[in-house]
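Engineer: 3D model of this:
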Amino acid sequence: MNLYRPPAPVPLAPLPGLIRAMMRGERDLLSLMPDIAYTTKVGPLGQSRRGILLVNEPTAVTQVLVDAEGVFPKNDLLVGALEALVGQSIFVSSGENWRRQRRMIDPAFSHMRVNRSFDAMTAGVDAYEAVLDGRAASGEAFSLDAAMSEVTADIICRTIFSQQLGSGTAREVFTSFAQFERSVANTEIRRLLFGKPFAKIPQSPAVREACARIRGHLGDLLDPRLAPGAPVIEDIVGSVIATTDPQTGARFTREELIDQLGVFFLAGHETTASVLTWVFFILSQRPDYAERMRAEVASVAGEGEIRLEHTKHLVFVRHVFREAMRLYPPITFIPRVAQRATEIAGHRLKAGTMVMIAPWTIHRSPANWANADRFDPDRFAREGDITPGSYIPFGLGPRICVGAAFATIEATLILARFVRRYEFVPTEPEQVRPVARLTTKPAREISAVVRRRST
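Structural biologist: Residues are numbered from 1 along each chain as shown. Just a heads-up that it's a prediction; the model follows:
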């Protein structure tokens, strides 16, 4: 079988790559990545004011992300980019502040266990199948990206707030986050090349407005739960409201609650939605994989309800999701910063040096993977154990995504349900290509139609 190469920039030499990225004017960091970024194990990435060290070698990746000595906190550019959206929440904080927040919200993570959240997943998929049935009947084209964001946003809303998210709100959150990613100043190429470490970066009115809209929607969901006499519900928001600092006894303020819930909400749906968008595009180009998935679903669950125990046996469906995360990691780059002078794999770093952990290049490095830029879900059946540090779609170390199991089961359910019932057909597949800002997205939303399959 000829392996399929899904859309991705053709790596160029450093100078042509820089020219391509600047000409596209989209802050497209993927077009900027030079050919040597895919073959370098550990080494400097281009020329910049602050210095950038690219780390692709699994042992060095593990050193940085496990970070036993606290040398490599979240990069200041990333923290500055997200501050207007999620404040100093657990996603961007470091050191003792991060440890304090983690202790406070640890109890909330129990609500993301799949045995507690699977009913919410099923209800969200049920509701969205009704939407897709209507679109199939009308034949109207729609945004595949937005569709995946809407269904996953509804699921995470049911999980966090124990209520359904309105379709209009889901679409506005998707649009606002897309506006945020397009405009946030910290992803400008000139900032990467010429910016000083730890410099404060002002954001445009468009970014501030997009963040305010998202935070406003979260506040609308939160406020009824903070009202005097509001019923106590055992879910994520209830747990985060009730938690106290073990040392001071203080609780989160309303704004701090929005910070923390914003991380749960956005990380809990935007990243999964991004990967699902790529899966359904790839399946539209390789229907043989879709047929294999349907055959597995039929053998495991027949035409009936897909239950939690079924998802554990949908091995090929999970491999498809894992392979899509390899080629299109939802968080394209995990930048860290050297807090002090240090060393990685023989390279001396001064304080302020950016340490670039790039799942995009790690997952496409020929040193780490055979046929690295080809879509081959069967590799996960063949290759067995994966070297730690070579596959990091959920990160690694103490800050690994705590929702990894949730996202995997959620995606397996959505893929199994939708592939059994529908076919998604992009209207302009030749126009699809990825870009990376904060997440890995199509450069333009993928316009598609959906067809009901005959059974």
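
Engineer: burial of the closest residue to Ser167 other than its chain neighbours, as a residue count?
Structural biologist: Nearest-residue entry for Ser167: Glu150, 6.3 Å, with adjacent residues in sequence omitted and distances by CB to CB, 6 or more residues apart in numbering. The C-beta positions use only the backbone N, C-alpha and C, and glycine is treated the same way. The number of residues packed near Glu150 is 26, by other CB atoms under 10 Å.

Engineer: after the host helix or strand of Glu150 comes which helix or strand?
Structural biologist: Using DSSP states H and E, the element containing Glu150 is helix 144-161. Counting by DSSP H and E, the next helix or strand C-terminal to helix 144-161 is helix 167-183.

Engineer: just for the stretch 251-400 of the chain, where's the confidence low?
Structural biologist: Where the stretch 251-400 of the chain drops to pLDDT under 70, the residues are 383-385.

Engineer: follow-up on the earlier one: so the residue nearest to Ser167 touches Gly168, yeah?
Structural biologist: No. Counting by CB atoms under 8 Å, Glu150 stays clear of Gly168, with 10.0 Å between them.

Engineer: Which helix in the chain has the most residues?
Structural biologist: Counting by DSSP state H, the longest helix found in the chain is helix 254-285.

Engineer: got a list of what Ala338 touches?
Structural biologist: Counting by CB atoms under 8 Å, 6 or more residues apart in numbering, Ala338 touches 71-72, 349-353, 355.

Engineer: Please apply the same query to Ala120.
Structural biologist: Contacts for Ala120 (CB under 8 Å, 6+ apart) come out as 155, 158-159.

Engineer: wait, which of the residues you listed is closest to Leu30?
Structural biologist: Nearest to Leu30 among these is Ile155, at 28.3 Å by CB to CB.

Engineer: What count of nearby residues applies to the spatially closest residue to the closest one that is not a sequence neighbour?
Structural biologist: In space, and not counting its chain neighbours, Ile155 is closest to Gly124: 3.7 Å by CB to CB, 6+ apart. Residues contacting Gly124 under the criterion other CB under 10 Å number 26.

Engineer: how many degrees apart are the host helix or strand of Gly124 and helix 144-161 in direction?
Structural biologist: Per DSSP H and E: Gly124 is located in helix 114-138. Our comparison of helix 114-138 with helix 144-161, counting by axes from the mean of the first three to the mean of the last three CA atoms, to 10 degrees, yields an angle of 140 degrees.

Engineer: got the buried residues for helix 114-138?
Structural biologist: 114, 117-118, 120-122, 124-125, 127-129, 131-132, 135-136 (16 or more other CB atoms under 10 Å).

Engineer: next one: stretch 448-455
Structural biologist: Taking 16+ other CB under 10 Å as the criterion, stretch 448-455 shows 448-450 as buried.

Engineer: Nearest to Lys41 among those residues?
Structural biologist: Ala448 (39.0 Å).

Engineer: Alpha carbons only: can I get the helix or strand hosting the closest one in CSV?
Structural biologist: Assigning secondary structure by DSSP H and E places Ala448 in strand 447-452. Extracted C-alpha coordinates of strand 447-452, given in CSV (Å, rounded to 0.1, in the frame of the first residue of the first chain):
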residue,chain,number,x,y,z
SER,A,447,-15.3,23.8,3.9
ALA,A,448,-17.1,20.4,3.6
VAL,A,449,-20.5,18.7,3.1
VAL,A,450,-21.6,15.7,5.0
ARG,A,451,-23.5,12.7,3.6
ARG,A,452,-25.5,10.1,5.5
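
Engineer: tell me the angle of that strand relative to helix 114-138?
Structural biologist: Relative orientation of strand 447-452 versus helix 114-138 (the same axes, to 10 degrees): 100 degrees.

Engineer: tilt between strand 447-452 and helix 254-285?
Structural biologist: Here the directions of strand 447-452 and helix 254-285 differ by 70 degrees (the same axes, to 10 degrees).

Engineer: Can you list the strands that strand 447-452 pairs with?
Structural biologist: When pairing is defined by DSSP bridges, strand 447-452 lines up against strand 142-143 (antiparallel), strand 422-426 (antiparallel).

Engineer: Now do stretch 53-62: distance to the chain's middle.
Structural biologist: The chain centroid and the centroid of stretch 53-62 are separated by 20 Å under CA atoms, centre = their mean, to the nearest Å.

Engineer: Can you give me the buried ones in it?
Structural biologist: Of all the residues in stretch 53-62, those buried under the rule 16+ other CB under 10 Å are 53-58, 60-62.

Engineer: quick one on the thing from earlier: mark which of the contacts of Ala120 are buried, thanks.
Structural biologist: Applying 16+ other CB under 10 Å to the contacts of Ala120 flags 155, 158-159 as buried.

Engineer: got the strands paired with strand 447-452 as JSON lines, with mean pLDDT, mean neighbour count and distance to Asp288 columns?
Structural biologist: JSON lines is the format used below for the strands paired with strand 447-452 (pLDDT from 0 to 100; neighbours: other CB atoms under 10 Å; distance: least, CB to CB, whole Å):
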{"stretch": "strand 142-143", "mean pLDDT": "98", "mean neighbour count": "20", "distance to Asp288": "25"}
{"stretch": "strand 422-426", "mean pLDDT": "98", "mean neighbour count": "19", "distance to Asp288": "13"}
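
Engineer: Could you export the ones you listed to TSV, including columns for distance to Pro442?
Structural biologist: Putting the strands paired with strand 447-452 into TSV (distance: least, CB to CB, whole Å) gives the following:
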stretch	distance to Pro442
strand 142-143	10
strand 422-426	10
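
Engineer: from what I can see Ile105 touches Ile90, true?
Structural biologist: Yes. Look at Ile105 against Ile90 with CB under 8 Å: they come within range, at 6.5 Å.

Engineer: hey, what's in contact with both of the two?
Structural biologist: Listed contacts common to Ile105 and Ile90 are Gln260; contacts here mean CB under 8 Å, 6+ apart.

Engineer: got the contact list for the residue nearest the centre of the chain?
Structural biologist: Of all residues in the chain, the one closest to the mean position by CA atoms, centre = their mean is Thr271, 2.5 Å from it. Residues near Thr271 by CB under 8 Å, 6+ apart: 330-331, 407, 439.

Engineer: Ile306 now?
Structural biologist: Taking CB under 8 Å, 6+ apart, one finds 122, 297, 413, 416-417 in contact with Ile306.

Engineer: what does Arg208 give?
Structural biologist: Contacts of Arg208 by CB under 8 Å, 6+ apart are Ala84.

Engineer: quick check, it in a helix?
Structural biologist: Yes. The assignment for Arg208 is a helix, going by DSSP: H, G, I helix; E, B strand; the rest coil.

Engineer: any idea how far it is from Gly139?
Structural biologist: Distance, Arg208 to Gly139, by CB to CB, to the nearest Å: 39 Å.

Engineer: now Gly397
Structural biologist: Applying CB to CB, the value for Gly397 to Gly139 is 48 Å.

Engineer: Just the strands from this structure, written as ranges.
Structural biologist: Per DSSP state E, the chain carries strands over the ranges 42-44, 52-55, 142-143, 334-337, 342-344, 347-349, 354-357, 422-426, 434-436, 440-442, 447-452.
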